[in-house]
Structure formats: structure tokens, C-alpha cells
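A.B. asks: Okay, structure incoming, though there's no sequence with it:
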């Protein structure tokens, strides 16, 4: 019997949607969701893990689908008080979200690893699938701009991605190790596929690939690697990807996504709006699926998850 | 010209009301409000100062007058998330209140003293009067019960004062110093009166008196010390005072309050409901005023403040 375990690599909102779709069609024992922690940061002494939270809220059904990020039924009372007190208010701290940040920060301070804290908190919310940080050690994304190197959240939230980006790096202790569950998933005998969720390749997936040994393990893998493109209609559905591609001298197209992943990529799933990209991609030897990738509801999420698994030759019920 | 600076000693809710009354009738330069920090504690890595917050919210007009504690228009969303996450939920963390705890905790971690943080945050809320912690160092109230020594908030909130109290102590480094502004107020040339707000003598005022040198400075003072009794109709308006008096073998009466303050006390203000206590108190040489002490609105707060100042022979406009 061939393997059937799926390792998904995810960033925040877009990635979280596909992660939720995969969790809806795969039993917990068949899926490990590894999440980017390059966006993590400390704010008012809270450790905030935006992508872990996005994936957690999506799998718990707590994500706000209208606003597109954060927790549904969110309020902003603590934030209003912080503003009244003259304190740092550039990062939106919702009240319900704050409960998560407080719980995580407190558990981390008691000495639990980010893996353990994430397992504890996701289980408490009734999530049976494994949501795993890429590493238990900090490896933080920074963006080089005309204003110097900016921490990711400064660039993304405070500066709203306005500065022109000329480079990206991941700051941490050299040789930062994958989290135990990530390392274990990479080494599984029954690993059947890697699914790269529709997240920003530079800002959300590259941090995961920069963890020590991960790129090498993926290069040596014997299973298909399927990526879902984050582009729709030649633009990013959300976030700074299109602007970033331009600034880094890349075309805003699936060609850039494919080139970025290079030899790691076996199969790219692109949106119907970009069907025209398929011919060129296939001409260069890449396997391509054209489908609906805008996950506006659970049905589309699950359908896209099945398409990705099917591209990796994994059967789902 | 004689002095005219007033030093008020306050605990939480009841004390905060009189502190707000004093602030309404005295200009900022004539009042220092020293607040009990014996109730302070760490919870989920936040430093919570319940009495400083009660006084701050009362002076800023942000206190919830219906519930009787905390911030008005409060919500409990972060708390609901913490409960969903399975985290400590015995202490009620309101969302707006949480903004205060976050701001304070963060500033303390950057190295600011509690005095400086309190000055910063109260000014930000538009409070011109000085709200001053009794000390910048921790001196934490503990209650001896059949379950052993309990931290104050464990006794007060988690256990709801159910255990029988047999003793009270204030845990801290021996010789814990008064905060700079408290020490300065005690030493002022123009100090004209000490007003002890209607707070629990054992749990809210004694911690202040236990700060190094404070009792001695009060004993050596040359100005009147006026206390407003926290009892109304032979019972505590709020909190565990009556139960505590019984457990400590004291009558639940103004006699116990007067005896507790002993020689420190020049004048006791008692409620109309306890008018019968006056004769005995006066017979023992104490000066007594009978007035309305239940501060149900700003008008009563200010009137009581004027009565207290008048008892200390301080004129107000």
C-alpha cells in the first residue's frame, strides 16, 4: 500500500482556507498542516502568530469571512482603551483575538514550546487535525526597503506594504530547526504528497523553506509537490504579492510562481481566470490544473482540496 | 498661611468614590491620592492593580456605576475566548480593562516604575490629579485561612472570601519603601490633612500603613487625620469587611474601625444609619461627624469630600 499522509504548507488567510478544505476531506491522521511563523512578532509583550491564528480560526470555523481575517463577531474594546491610553495602536488587536494572544503568550512564558502551545490551544477549540508551526524557534521575515530592513508586521501592517521592497530575509539563529512534528512529517514513510497552499511564495512559503534542512528534504522527496497559485486573473487576491513581484523584477503571472518554486514543483493549480497561462507552463514541462481557486465558501474549499489531492494522485472519499 | 495639601489614602471602589469627590473639590496641586497596591497581582502575565484602576476609572468618569466595579460599557469577549481555550478564567478580565492591563504591563516590562506608568496612563485619560501607588515595589496582601495563606485575589475573587480568615500579612521585601510621590506628600511643608477613604481598614488601608516609615510618619504628623468609615448601618456596603471583623473577633461597628486606627485617628465620619455609634465614640475622646456616606452619585461624593475636608479644617470653594 502506498502512503497517504499529506503535508500541507500554509501561510495566512488564503492558505488557511485550503488548509480548512484539506481538513474537511482528510482524516486527522492523514494530514499535517505546517504553518509559516515568519510573520510572528511581539507586540505589547504578546507573542502574535498571525498565520497560525488564521489557520486555527479557519479550521475551528471561527474565522471572519466578511472582513477576510481575524475572528468572527470580533470587537475592539481593548484596542479603544489602548488608544485612549496613548499606547501603540498600529496593530489591530481584536478582543477575541486578544484572548488567543494572551493564552499563547502566557503558555510560552511558562516554558511550553510553540508546538505544544499550538497543539493545546487548537485542541481546546475542537480541532482534531495537527496545526504545526514551521519551527519552535523564531525565524522572522524582514523586508528590505528604502527605509532599511523592516520587520514583516511593520512593513505589512504599519506601513501597509507602501515601501518598495528590494529584498527579503528570514532572521533567526542560523540552522533554525523544523518543529518536531514538521520534521516527523517530512520523514514519514507513508508521506504521499506535499501541498503548498495558495500563499505568498516570497513572504509565506519561503520562510518555511528556509528552515534548516527543509528545502533539502523537499528536493530529496519521492512524492509529488502540488502548489495552488495565489494569483487570480494575474493579480493577488489579497496582500502584497503583485506589488512585490513587480518590485522584485518578476512578471505578475503564474510563470513567476512556477519559476520561484523551480524544480521543487511538480504540479501547479491555477485559476480559471488564468487559463491562458497553462499552455506556456505546460510547454516548460510543468503539470497544470485549471480550476476555481477563489474559496468563497466551504464547498469551493473542499473541491479545491480534492483537486489538489487528485493532482498528487491521492484518493479521497 | 497654613498648609492646604491633602493626602488621601484609598483602597478600591468605596475609596475611589471619595477620591473622585476630593478631586472634584480640590485643585490638582492640593491633592495626592495614594492607593493601596496590596491587591495587585500577576494573571496571565499581566500586572493587575485593581485599586489603582478603580481610582483611575472613578476620576476619569469611566467607572461602571451599576455593576459597582470595573469600566463602564465593558464587554467580555477576550474572557470568552480564554475560556474556550481552556485557560484560567477565575478572574474577570473585561475587554476595556484588558487594554489598561496590557498598557501597564508592557510599560512596566520596559522598566518604568509603577509610579511613572500610573502617571502616564492617568494623564492620558485626562486626569490632572496625582494618583500614586503606595509603593513601586510589590507588597502583596495575603490572608491566612484554614486553607493556608492565600494571595488576596485568590481569597477575594477565586474563593469569594468564603474561607474563614485568621490573619492578614503583607508580603514583600522587608523595608519596602513608599513611592517617591507618597514619601514627598508625607514630607510636604504645606501638608494640611490626611483623609482615609472609606476602604477596608484591614485589607486596603493597612497595606498602605505597612509600607516602610509610613505609620511612623503618620504618628509624627502635625495635621488632622480624618477617616470615613466603610460601615453603613453596621454592615459593610461592599466586600468582606463585616465577615472579616467577625472572624478576627471584632464587633462589626464603628468602634472596631476606631480601635483599629487607634491613636492615628483624629476624626471619624460615620453614616447617618450608625448615628447611635457616635455617643460612645465621642465618650472615648474621638471627634465624630454623622453624615450621608453612601456615595450613590457625584453630588454625594463631593458633599462627603467637603465634610471630610471641613472636619480637617480645610476650606473649599
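C.D. replies: Good, I have the coordinates. Just so we're clear, the structure is a prediction, and the values are computed from it rather than from any experiment.

A.B. asks: Please make it C-alpha for all contacts and neighbour counts, starting now.
C.D. replies: Fine.

A.B. asks: ranges for the strands of chain A?
C.D. replies: A:5-10, A:31-35, A:41-43, A:46-48, A:130-133, A:139-145, A:148-151, A:165-172, A:191-196, A:225-228, A:231-232, A:235-236, A:267-271, A:287-291 (DSSP state E).

A.B. asks: Surely residue A:83 and residue A:92 touch.
C.D. replies: No: Residue A:83 sits out of contact with residue A:92 when judged by Cα atoms under 8 Å, with a separation of 10.8 Å.

A.B. asks: shared neighbours, those two?
C.D. replies: Common neighbours of residue A:83 and residue A:92 are not found (criterion: Cα atoms under 8 Å, 6 or more residues apart in numbering or on different chains).

A.B. asks: picking that back up, ranking the strands of chain A by mean pLDDT, which is last?
C.D. replies: Least confident of the strands of chain A, judged by mean pLDDT, is strand A:235-236 with a mean of 84.

A.B. asks: Quick one: distance of that one to the chain centre.
C.D. replies: Distance, stretch centre to chain centre, for strand A:235-236: 16 Å (Cα atoms, centre = their mean, to the nearest Å).

A.B. asks: which residue does the stretch 201-317 of chain A bring closest to chain B?
C.D. replies: Closest residue of the stretch 201-317 of chain A to chain B, Cα to the nearest Cα: residue A:298 (23.2 Å).

A.B. asks: Against residue A:304, how distant is that residue?
C.D. replies: Look at residue A:298 and residue A:304: by Cα to Cα, to the nearest Å, they are 10 Å apart.

A.B. asks: overlap in contacts of those two?
C.D. replies: Taking Cα under 8 Å, 6+ apart as the criterion, residue A:298 and residue A:304 both touch residue A:21.

A.B. asks: Give me the more crowded residue out of these two.
C.D. replies: Higher neighbour count among residue A:298 and residue A:304: residue A:304, with 23 against 14, using other Cα atoms under 10 Å in any protein chain shown.

A.B. asks: In this structure that one contacts residue A:18, no?
C.D. replies: Yes: between residue A:304 and residue A:18 there is a contact at 7.2 Å, judged by Cα under 8 Å.

A.B. asks: So which residues on chain A come close to chain B?
C.D. replies: Selection of chain A residues close to chain B by Cα under 8 Å from any Cα of the partner chain yields A:44-45, A:74-75, A:77-82, A:84-87, A:95-100, A:102-103, A:106, A:121-122, A:124-125.

A.B. asks: in chain A, which spans are helices?
C.D. replies: Taking DSSP state H as the criterion, chain A carries its helices at A:13-25, A:50-60, A:77-84, A:95-109, A:114-124, A:152-153, A:180-186, A:206-209, A:214-219, A:241-247, A:254-261, A:277-283, A:298-311.

A.B. asks: Residue B:311 is nearest to which of those helices?
C.D. replies: Closest to residue B:311 of these is helix A:77-84 (Cα to Cα; 37.2 Å).

A.B. asks: any idea of the mean pLDDT in the closest one?
C.D. replies: In this model, helix A:77-84 has an average pLDDT of 96.

A.B. asks: show me what contacts residue A:152?
C.D. replies: Taking Cα under 8 Å, 6+ apart as the criterion, residue A:152 is in contact with A:38-39, A:140-143.

A.B. asks: The nearest residue to it once chain neighbours are set aside: how many residues sit nearby?
C.D. replies: Ranked by Cα to Cα, 6 or more residues apart in numbering or on different chains and with sequence neighbours excluded, the top spatial neighbour of residue A:152 is residue A:142, at 5.0 Å. Burial of residue A:142 is recorded as 22 neighbouring residues (other Cα under 10 Å).

A.B. asks: Residue A:171 is in contact with residue A:142, correct?
C.D. replies: Yes: the criterion here is Cα under 8 Å, and residue A:142 meets it with residue A:171 at 7.0 Å.

A.B. asks: re earlier: show me just the buried residues among the residues of chain A next to chain B.
C.D. replies: Buried by 16 or more other Cα atoms under 10 Å in any protein chain shown: A:44-45, A:74-75, A:77-82, A:84-85, A:87, A:95-100, A:102-103, A:106, A:121-122, A:124-125, out of those.

A.B. asks: Any idea how many residues pack against the residue nearest to residue A:57 when sequence neighbours are not counted?
C.D. replies: Leaving aside its chain neighbours, residue A:57 sits nearest to residue A:63 (4.7 Å; criterion: Cα to Cα, 6+ apart). Residues contacting residue A:63 under the criterion other Cα under 10 Å number 24.

A.B. asks: now swap in residue A:280 and tell me
C.D. replies: For residue A:280, using other Cα under 10 Å, the count is 12.

A.B. asks: Show the pLDDT at it.
C.D. replies: pLDDT for residue A:280: 96.

A.B. asks: tell me the mean pLDDT over stretch A:63-73?
C.D. replies: Rounded mean pLDDT across stretch A:63-73 is 88.

A.B. asks: which residues are contacting it?
C.D. replies: By Cα under 8 Å, 6+ apart, the residues outside stretch A:63-73 that reach it are A:13, A:53-54, A:57, A:62, A:94, A:96-97.

A.B. asks: show me where pLDDT drops low in the stretch 201-317 of chain A?
C.D. replies: For the stretch 201-317 of chain A, residues meeting the criterion pLDDT under 70 lie at A:317.

A.B. asks: Excluding sequence neighbours, find me the nearest residue to residue A:149.
C.D. replies: Spatially, and ignoring its direct neighbours in sequence, residue A:149 is nearest to residue A:143 (5.4 Å; Cα to Cα, 6+ apart).

A.B. asks: pretty sure the one you found is touching residue A:168, no?
C.D. replies: Yes: Residue A:143 is within contact range of residue A:168, at 4.6 Å (criterion: Cα under 8 Å).

A.B. asks: what about those two, which has more around it?
C.D. replies: residue A:143 (25 against 19).

A.B. asks: Now do residue A:291 against residue A:268, distance only.
C.D. replies: Counting by Cα to Cα, the separation of residue A:291 from residue A:268 is 11 Å.

A.B. asks: swap in residue A:159?
C.D. replies: Distance, residue A:159 to residue A:268, using Cα to Cα: 32 Å.

A.B. asks: quick one, which of these two is more surrounded?
C.D. replies: Comparing residue A:159 with residue A:268 by neighbour count (other Cα under 10 Å), the higher total belongs to residue A:268, at 26 against 13.

A.B. asks: Who are the contact partners of that one?
C.D. replies: Shown in contact with residue A:268 (Cα under 8 Å, 6+ apart): A:226-229, A:258, A:286-289.

A.B. asks: neighbour-wise, which of those residues leads?
C.D. replies: In terms of neighbours by other Cα under 10 Å, these top out with residue A:227 at 29 neighbours.

A.B. asks: What's opposite it in the beta bridge?
C.D. replies: residue A:196, residue A:268 (DSSP bridges).

A.B. asks: Surely it touches residue A:195?
C.D. replies: Yes: using Cα under 8 Å, residue A:227 makes contact with residue A:195 at a distance of 5.7 Å.

A.B. asks: Overlap of the contact sets of those two?
C.D. replies: residue A:308.

A.B. asks: Could you report the separation of residue A:243 from residue A:273?
C.D. replies: Counting by Cα to Cα, the separation of residue A:243 from residue A:273 is 19 Å.

A.B. asks: what sits against residue A:263?
C.D. replies: residue A:219.

A.B. asks: meant to ask about residue A:300
C.D. replies: By Cα under 8 Å, 6+ apart, the contact set of residue A:300 is A:292-294.

A.B. asks: and what of residue A:235?
C.D. replies: Residue A:235 neighbours (Cα under 8 Å, 6+ apart): A:241-242, A:252-253.

A.B. asks: same question, residue A:225
C.D. replies: The neighbours of residue A:225, taking Cα under 8 Å, 6+ apart as the test, are A:193-196, A:264-267, A:312.

A.B. asks: Just put those residues in TSV and tack on neighbour count.
C.D. replies: Formatted as TSV, the contacts of residue A:225 follow (neighbours: other Cα atoms under 10 Å in any protein chain shown):
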residue	neighbour count
A:193	25
A:194	25
A:195	27
A:196	26
A:264	19
A:265	22
A:266	20
A:267	23
A:312	21
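
A.B. asks: Show me which pair in those is furthest apart.
C.D. replies: By the measure Cα to Cα, A:264 and A:312 form the most distant pair in the contacts of residue A:225, at 13.6 Å.
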